[in-house]
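*Asks:* got a sequence here, can you build the structure:
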Amino acid sequence: MKSAHAKESSAIESVASYLRLWDPPAKSKYDRYAPKVFALLRTGASARQVAERLDSIRNEQSGSKPPQAADNRTAIRLVSWYRRTQ
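*Replies:* Alright, predicted model coming up:
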């Protein structure tokens, strides 16, 4: 049986995988945000709240306004994944 720490580490790695799919050219550029996104998911955040955070992260990193559809799509996937695994 996995320890709580191992489960959380695995979940954060899953979030990082979704973030890499969200913006493939950036590869692991967003990995450091995975713990923050996971923490947001743990609060019961809606897909809209997660999309807003993704938008904020990408703007912080690149200073450009990315397509909102990618943020929304990834947020929905993250929230669905989190709800399935809890």
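*Asks:* may I see the buried residues of the lowest-mean-pLDDT helix or strand in the chain?
*Replies:* Within the chain, no helix or strand scores below helix 47-62, which has a mean of 88 by mean pLDDT, DSSP states H and E. For helix 47-62, the neighbour count (16 or more other Cβ atoms under 10 Å) marks 47, 50-55, 57-58 as buried. Backbone N, C-alpha and C define where each C-beta goes, glycine included.
*Asks:* for that helix, name the packing helices and strands.
*Replies:* helix 34-42, helix 68-85 (3 or more Cβ pairs under 8 Å, 6 or more residues apart in numbering; DSSP states H and E).
*Asks:* okay if I get the ones you listed as TSV plus distance to residue 17, mean pLDDT and mean neighbour count?
*Replies:* Below are the helices and strands packed on helix 47-62 laid out as TSV (distance: least, Cβ to Cβ, whole Å; pLDDT from 0 to 100; neighbours: other Cβ atoms under 10 Å):
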stretch	distance to residue 17	mean pLDDT	mean neighbour count
helix 34-42	9	97	18
helix 68-85	10	94	16
